[in-house]
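S.K.: here is my input, please return the structure:
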Amino acid sequence: MGAGPDPRLRLTGPPVPLEGLAAASTLWGNRAQVWSAIAAAASLDSLTDAWTASAARRRGDRVAYTYLVERLQTVDWPRSATPWRQALPAETARDLVVASYPPLPVDWIATRRLGPWPPTTYVGRPRRRIPATLLASTLRWTLDRIAGLRGALGGRDPAALGEEPVGLIAALALRDQAPLDEVRGAAPRSQDLRAVAREGWPWTALASVAAELIRQDRLDPHALAREMLLPDAELRGAAFHLAVFGEVLLAARDAGLTDVSLRPIGIGTGPVHRLHDGPRTWELWFDAGGLAGTYGGQSPYRLAAAKLSDRPVPLRPDIALVDPATRECRAFECKHSTDRDYLGTGLVETLAYLPELHGALGRAPAASLVVPEGASTRQHPWSARDGTVAVEPADLVRPSVTSYLSRSRAGSASATR
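M.R.: Residues are numbered from 1 along each chain as shown. Next comes the predicted model:
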């Protein structure tokens, strides 16, 4: 039945730090939190529409359906409904029916026993075909799952259905026809799938498709992000943001800090983690808008934008590491691209964060534009009026932040002597 698609074969475009993505994935307790985090990350690069968790889930469903269609195309799925009808073994049952009309075949002896003759009430025992329970319930469950996924996508984006295999629509129509119209689908267990596959074709095809659906259902948050997020070009940038956040979190752990989760990414506001370094505490933000309100400073951008009739989206660094006591801040703008104009826009944003963070915290920050590995060589920070700026490849974020925290710790220790 196969172990499912290898997500490494589906990664195109600039790389994403998979170890950082794995670290971010450990923060998600369920799928709802996965989609909320992805929506929050996708919204960071959207200047107009904010992503919702349901929109992110639909994008993931689109990739999931692509995997499913690939499986359907490789398992010799029947090209019509006829093989399914012929393959469904069945038993015959006779139901006792009492009616005002003669149900065929009529049980005349039972009818005579009911009362006077000629009769006004008839007894019949019509035959009813009962499909084999396991095969029918597995087929019904699989078709229901395909129909649900297909309907959710096709209703909003018919192009997302891609090139579906011949015979799929005919198979889905069987759900409204006897005998499947009276069957309740049930998710098969592993031993059930093996038993179904032993029945030969077309049941081998059904077992393989059902196994793929179950595999998708059982993906843990990290595997879900890898398989349903990275292959989607529109959401790969969101994965990059989350992966860089994971790299910063790993760097803090490498530096000996302990972290406490405050809230899931994309749910609520404020810092996501509190990082403890002995008596000292840092706050780690994802989508770091509203720092001025949290730390009692001023937002130059907000003050200027207040004069506009249609206020723009507020400036918000993608990630920020803040010490509330000393007001030290390390901020990150993430751009998953190698396009020089797009990266140039990111650099302008990073420079704009310097006066914004300086006003919010009352202390000059350090800000980095994080780009994919290979899009830039490591550059030493350079000083600007309101702080320092650097361009960093994503693979160097972890050692850079670890070094930053270690230097900050040493500086704090020297100041207290």
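
S.K.: hmm, Trp203 is touching Ala87, no?
M.R.: Yes. Checked against Cβ atoms under 8 Å, the pair Trp203 and Ala87 is within contact range at 6.8 Å. Every C-beta, even on glycine, is put in place using the N, C-alpha and C of the backbone.

S.K.: can you pull the residues that touch both of those two?
M.R.: Listed as contacting both Trp203 and Ala87 by Cβ atoms under 8 Å, 6 or more residues apart in numbering are Leu135.

S.K.: name the element the nearest residue to Val401 once chain neighbours are set aside belongs to?
M.R.: Using Cβ to Cβ, 6 or more residues apart in numbering and skipping the chain neighbours, the partner closest in space to Val401 is Ala251 (3.5 Å). Secondary structure from DSSP states H and E places Ala251 in helix 236-254.

S.K.: one more: Arg407?
M.R.: Counting by DSSP H and E, Arg407 is found in helix 397-415.

S.K.: do a quick rundown of the helices in the stretch 201-350 of the chain.
M.R.: All helices of the stretch 201-350 of the chain, identified by DSSP state H, counting those that start in this stretch, fall at 203-217, 221-228, 236-254, 291-295, 300-305, 340-361.

S.K.: the residue nearest to Val401 and Ser406, how far apart?
M.R.: Using Cβ to Cβ, to the nearest Å, one gets 10 Å for the distance from Ala251 to Ser406.

S.K.: who has more neighbours out of the two?
M.R.: Using other Cβ atoms under 10 Å as the criterion, Ala251 and Ser406 rank with Ala251 on top: 23 against 15.

S.K.: what pLDDT is listed against Tyr65?
M.R.: The predicted structure scores Tyr65 at 90 on the pLDDT scale.

S.K.: pretty sure it sits against Gly148.
M.R.: No. Taking contacts as Cβ under 8 Å, Tyr65 lies outside contact range of Gly148: 10.5 Å.

S.K.: and those two? Which one has more around it.
M.R.: Residue environment comparison for Tyr65 versus Gly148 gives the larger neighbour count to Tyr65, 21 against 11, counting by other Cβ under 10 Å.

S.K.: neighbours around Asp95, how many?
M.R.: For Asp95, the number of neighbouring residues by other Cβ under 10 Å comes to 10.

S.K.: should've said Trp117
M.R.: The burial count for Trp117: 8, using other Cβ under 10 Å.

S.K.: same check on Gly270?
M.R.: 11.

S.K.: endpoints of stretch 254-262, how far apart?
M.R.: Its first and final residues considered, stretch 254-262 spans 20 Å by Cα to Cα, to the nearest Å.

S.K.: where in the stretch 151-300 of the chain is pLDDT low?
M.R.: Under the criterion pLDDT under 70, the flagged ranges of the stretch 151-300 of the chain are 154-162.

S.K.: try 80
M.R.: When the per-residue scores of the stretch 151-300 of the chain are filtered using pLDDT under 80, the ranges that remain are 152-163.

S.K.: in stretch 323-333, which residues are buried?
M.R.: Residues 323, 327-333 are the ones in stretch 323-333 that count as buried (16 or more other Cβ atoms under 10 Å).

S.K.: would you list those in a markdown table and tack on distance to Leu44 and pLDDT?
M.R.: Written out in a markdown table, the entries for these read as follows (distance: Cβ to Cβ, whole Å; pLDDT from 0 to 100):
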| residue | distance to Leu44 | pLDDT |
| --- | --- | --- |
| Asp323 | 23 | 97 |
| Arg327 | 24 | 96 |
| Glu328 | 23 | 96 |
| Cys329 | 18 | 97 |
| Arg330 | 17 | 97 |
| Ala331 | 13 | 97 |
| Phe332 | 11 | 97 |
| Glu333 | 9 | 96 |
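
S.K.: closest to Arg31 among these?
M.R.: Phe332 (26.6 Å; Cβ to Cβ).
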